[in-house]
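1. Give me a 3D structure for the following:
(one chain, ligands or ions: 2)
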Amino acid sequence: MISIALAGKPNSGKSTFFKAATLSDVEIANYPFTTIDANHGIAYLRVECPCQKLNIQHCTSCVDGIRFVPVQLVDVAGLVPDAHLGKGLGNEFLDELSRVDLIIHVVDASGGTDMVGNPINIGEHNPVEDIAFLEREIDMWIFNILHRNWHRISRKTEIENLAIEHAIAEQLGGIRVDDRQVKAALSRLDIQTNKPGNWSDDELKELITEIRKMNKPIIIAANKTDVAPEENIKQLKDVECKTFFVSSAAELALRMAAKKDVITYLPGDKDFTINSTNLNKAQEKGLEQLKRFIKQNNGTGVQECINSAVFSILGQIVVYPVEDENKYSDKNGRVLPDAFVVGSNCTARDLAYMVHTDIGKSFLFGINAKSKMRISDKHQLKNGDVIKIVSTK
Ligand SMILES: Nc1nc2c(ncn2[C@@H]2O[C@H](COP(=O)(O)OP(=O)(O)OP(=O)(O)O)[C@@H](O)[C@H]2O)c(=O)[nH]1
Ligand SMILES: [Mg+2]
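-> Ligands and ions are numbered 1, 2, ... in the order given. Reported below is the predicted structural model:
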């Protein structure tokens with residue numbers, strides 16, 4: 001399953017984002033290092049269910065044509081500049097990021113927390129200053145993993161005439177770096193690949209940065225936009241990174257109200273309706289403010305950030321395996337029972353393997369349930385495809 005981490009300096013709102021996206025009961029407080037042990041939970045992608053275009057009545061896998069597909073979300077402890085030198089809680093907990101596919105850097109756009117997460121007056125800190133440090137800390141974390149055995153690896157590679165990309169990928173296997181990524185990173189640098197023993201630390205760091213961009217892309221969730229000064233938003237709009245403007249607090253309030261059936265709201269909606277008739281004045285005012293906020297900002301940004309991370313940045317698609325291509329269902333009649341998040345180069349046989357190894361091994365052909373056309377094992381799937389796999393099993 002695709003996995004995303006929330007990282008950033010303490011007190012920026014990582015756990016609030018996490019709670020809003022997963023509804024897990026985690027600690028949130030206005031001081032640094034509230035979270036020490038990482039929180040793991042399930043967040044959801046919001047996609048249009050294929051039942052809409054297929055005119056399937058009574059689909060039980062979605063809500064009014066909107067489907068929520070799970071991804072893993074990890075909320076890690078706050079990180080401060082020079083964490084790799086032991087500042088704050090250090091960076092050993094970054095091992096939590098080993099298996100993630102992407103990092104959402106949660107930045108306090110309100111400027112109400114200093115560089116290490118202590119509360120200060122809104123607008124006092126420039127959030128743009130927070131952006132670069134996370135990349136550096138992550139790079140230093142990866143650098144340290146590689147540097148540990150670098151002398152031995154580089155010598156061995158030179159003496160035995162081995163492929164350096166393979167040796168590096170092996171050393172970084174724990175964070176899921178592969179030969180292809182190292183090779184692509186090497187090709188972008190002016191570096192002597194047959195003499196790794198001669199590389200300087202700076203060259204190694206440059207290589208790590210290139211690898212990290214592919215292996216752990218970082219996007220920005222500029223959080224607390226509900227209280228952020230205009231000037232901060234303006235400056236954040238100009239930064240080079242892919243930035244989403246978010247209010248995790250607003251999303252959390254909406255999701256909690258929806259859970260209690262006070263309002264009807266689905267994550268990612270740009271409006272909500274009030275169901276409850278016995279609200280007190282404070283509740284009415286709170287909901288009014290939320291309504292104004294999400295109308296002005298086209299939602300709270302949380303769902304948009306998660307969706308864009310997976311679809312725009314990671315380039316994933318969603319496909320739907322079925323057993324009955326006419327009823328679009330499994331053998332128990334459950335319509336569109338499964339949704340798989342896969343890479344855009346996923347083939348019909350890859351999907352078969354994901355359903356079950358035996359089905360992958362004994363794959364005969366696929367059927368595109370929408371067109372009823374046969375597809376071969378190498379056929380590349382498209383977003384929204386509904387596929388029946390025919391195998392000898
Ligand atoms: N106004 C506003 N406050 C927010 C928002 N998100 C979080 N906060 C507040 O910011 C403070 C810190 O929130 P947390 O979610 O605990 O922050 P964190 O990044 O997990 O903090 P650590 O675990 O200490 O690193 C809390 O007082 C939250 O209520 C937001 O979108 N808007
Ligand atoms: Mg936290």
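2. tell me which element the most far-flung residue of the chain relative to its centre is part of?
-> Relative to the C-alpha centroid of the chain, counting by Cα atoms, centre = their mean, Ile159 is the outermost residue, at 40.5 Å. When elements are defined using DSSP states H and E, Ile159 is found to belong to helix 150-160.
3. Kindly report the same for Glu231.
-> helix 230-237.
4. ok now do the residue of the stretch 201-350 of the chain found nearest ligand 1, which residues does it touch?
-> Using Cβ to the nearest ligand atom, the closest approach of the stretch 201-350 of the chain to ligand 1 is made by Ala249 at 3.3 Å. C-betas here are computed from N, CA, C, even on glycine. For Ala249, the contacting residues are 13, 16, 20, 224, 226, by Cβ atoms under 8 Å, 6 or more residues apart in numbering.
5. Let me know the pLDDT of the fourth one.
-> So that's Lys224. In this prediction, Lys224 carries a pLDDT score of 98.
6. for the closest residue to it other than its chain neighbours, helix, strand, or coil?
-> Nearest non-adjacent residue to Lys224, counting by Cβ to Cβ, 6 or more residues apart in numbering: Ser110, 4.1 Å away. Under the three-state scheme (DSSP: H, G, I helix; E, B strand; the rest coil), Ser110 adopts coil.
7. Ser110: neighbour count?
-> 25 (other Cβ atoms under 10 Å).
8. Tell me how far the residue in the stretch 201-350 of the chain positioned nearest to ligand 2 lies from Leu45.
-> The minimum distance from the stretch 201-350 of the chain to ligand 2, using Cβ to the ion, falls at Ser248 (10.9 Å). For Ser248, the distance to Leu45 (Cβ to Cβ, to the nearest Å) stands at 17 Å.
9. cool, and Lys295?
-> 23 Å.
10. who has more neighbours, these two?
-> Leu45 (22 against 11).
11. so the more buried one sits right up against Val69, yeah?
-> Yes. Assessed by Cβ atoms under 8 Å, Leu45 is found in contact with Val69 at 4.5 Å.
12. Now do the residue farthest from the centre of the chain, the pLDDT please.
-> We have a pLDDT of 91 for Ile159.
13. quick check, nearest of the contacts of Ala249 to Ile2?
-> For the contacts of Ala249, the residue nearest Ile2 by Cβ to Cβ is Ala20; the value is 18.5 Å.
14. before we move on, what SS does that closest one have?
-> Relying on three-state DSSP, one would call Ala20 helix.
15. Determine the longest helix present in this protein.
-> Across the chain, the helix with the greatest residue count (assigned by DSSP state H) is helix 128-147.
16. helices or strands next to that helix in the packing?
-> Using 3 or more Cβ pairs under 8 Å, 6 or more residues apart in numbering; DSSP states H and E, the elements in contact with helix 128-147 are strand 102-108, helix 164-171, helix 201-215, strand 218-223.
17. Can you show me the helices along this protein?
-> Assigned by DSSP H, the chain shows helices spanning 14-22, 128-147, 150-160, 164-171, 179-187, 201-215, 230-237, 248-259, 281-297, 302-308, 348-355, 357-361.
18. hey, which of those helices is tucked in deepest?
-> Most buried of the helices of the chain, by mean neighbour count (mean count of other Cβ atoms under 10 Å): helix 14-22, with a mean of 26.
19. Near ligand 1, which residues of the stretch 101-250 of the chain are found?
-> Within the stretch 101-250 of the chain, the positions lying close to ligand 1 (Cβ under 6 Å from any ligand atom) are 223-224, 226-227, 247-249.
20. Report the buried members of these.
-> 223-224, 226, 247-249 (16 or more other Cβ atoms under 10 Å).
21. Read off the pLDDT value for the residue nearest to Pro229 when sequence neighbours are not counted.
-> Distance criterion Cβ to Cβ, 6+ apart; nearest residue to Pro229, sequence neighbours excluded, is Gly123 at 4.6 Å. Reading off the confidence values, Gly123 has pLDDT 97.
22. and Gly123, how many neighbours does it have?
-> Gly123: 16 surrounding residues under other Cβ under 10 Å.
23. Touching, it and Ser110? I think so.
-> Yes. Counting by Cβ under 8 Å, Ser110 is a contact partner of Gly123 at 7.3 Å.
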